[in-house]
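Colleague: Build me a model from this:
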Amino acid sequence: MSEQSTVTGTGTESQLGATPEAKRKVVNRLRRAHGQLAAVIDAVEGDAHCRDVVQQLSAVSKALDRAGFLVISTALQECLADPDNEDSAKPEELEKMFLSLA
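Modeller: Now for the predicted structure:
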């Protein structure tokens, strides 16, 4: 993910990750989810027991949720640190994003 990566879909664009550390954490969570999803695909292709597939799907879902909440948390911290910044997500946007994951 480059320094210029943006999140779109709300009508405004906001930088993902206020700090390199926040961005690193999000990317790590997404890579973990990516690996877990690959394991789910392998399990299905290998005719694994449904219990194992569901357990792995649950892990993927949780990893994606955590990445999403981390993105929202980072945006919230950015908004609180500089509420007058026009590029920061507005409280209404943050609420809508949070509720879409909840």
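Colleague: Helix or strand: which one has the residue lying closest to residue 57 once chain neighbours are set aside?
Modeller: Nearest residue to residue 57, sequence neighbours excluded (CB to CB, 6 or more residues apart in numbering): residue 40, at 5.7 Å. In this view, the C-beta of every residue, glycine as well, is placed from N, C-alpha and C. Residue 40 is part of helix 20-45 when elements are defined by DSSP states H and E.
Colleague: helices or strands up against the helix or strand that that helix is followed by?
Modeller: Going down the chain from helix 20-45, the next helix or strand is helix 50-81, by DSSP H and E. On a contact count with 3 or more CB pairs under 8 Å, 6 or more residues apart in numbering; DSSP states H and E, helix 50-81 meets helix 20-45, helix 91-101.
Colleague: What average pLDDT does helix 50-81 get?
Modeller: For helix 50-81, the mean per-residue pLDDT is 90.
Colleague: how about that helix: buried residues?
Modeller: By neighbour count with 16 or more other CB atoms under 10 Å, helix 50-81 contains the buried residues 53, 56-57, 59-60, 63-64, 66-68, 70-72, 74-76, 78-79.
Colleague: any idea how far residue 30 is from the residue in the chain sticking out farthest from the centre?
Modeller: Most distant residue from the mean C-alpha position of the chain: residue 47, 29.6 Å away (CA atoms, centre = their mean). Separation of residue 47 from residue 30 (CB to CB, to the nearest Å): 28 Å.
Colleague: Check the residue nearest to residue 57 and give its pLDDT.
Modeller: On the pLDDT scale, residue 40 is placed at 95.
Colleague: OK, contacts around it?
Modeller: 53, 56, 57, 60 (CB atoms under 8 Å, 6 or more residues apart in numbering).
Colleague: Quick check: the farthest pair among the residues you listed?
Modeller: Distance extremes for those: the farthest pair is 53 and 60 at 10.6 Å, using CB to CB.
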